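Colleague: need a 3D model of the sequence below.
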Amino acid sequence: MPFFVYILFSPYKDKFYIGFTSDLENRITRHNQKSKGFTGTTNDWKIVYSESYSTKFEAMTREKQIKLWKSRSKIQQLINSKD
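Modeller: Below you'll find the predicted structure:
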């Protein structure tokens with residue numbers, strides 16, 4: 001079963017969200033359901049980037065790496081690199 005690291009973007013919040021999951025489609029649907037938490041206050045999240053990994057550990061490690069950047073421009077460069 002593959003694991004995915006993904007980046008979502010909310011135009012309303014003008015923010016990125018970084019996460020990982022084994023079920024990308026279901027996870028994005030859950031992010032767009034109004035609930036508590038960072039993504040729960042709006043329902044306009046769109047996937048703008050994803051990477052696939054064969055193990056949960058690899059995906060978790062990559063997610064942490066991207067989150068540690070704390071740089072919008074570096075995240076934007078990663079998203080643009082897929083084109």
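Colleague: output the contacting helices and strands for the lowest-mean-pLDDT helix or strand in the chain.
Modeller: Every helix and strand in the chain was compared by mean pLDDT, DSSP states H and E; the lowest is helix 24-31, with a mean of 89. Under the contact criterion of 3 or more CB pairs under 8 Å, 6 or more residues apart in numbering; DSSP states H and E, helix 24-31 touches strand 3-10, strand 15-21, strand 46-53. (C-beta placed from N, C-alpha, C; glycine too.)
Colleague: the same query, at a cut-off of 7 Å, please.
Modeller: Applying 3 or more CB pairs under 7 Å, 6 or more residues apart in numbering; DSSP states H and E, one finds that helix 24-31 contacts strand 3-10.
Colleague: can you tell me the strand partners of the strand it packs on and which way each runs?
Modeller: Under the criterion DSSP bridges, strand 3-10 sits next to strand 15-21 (antiparallel), strand 46-53 (antiparallel) in its sheet.
Colleague: hmm, back to that, go through the least confident helix or strand of the chain and flag the buried ones.
Modeller: Under the neighbour-count criterion of 16 or more other CB atoms under 10 Å, helix 24-31 has 24, 27-28, 31 buried.
Colleague: and those as a markdown table, adding distance to Ser81?
Modeller: As requested, the buried residues of helix 24-31 are exported to a markdown table (distance: CB to CB, whole Å):
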| residue | distance to Ser81 |
| --- | --- |
| Leu24 | 19 |
| Arg27 | 22 |
| Ile28 | 21 |
| His31 | 23 |
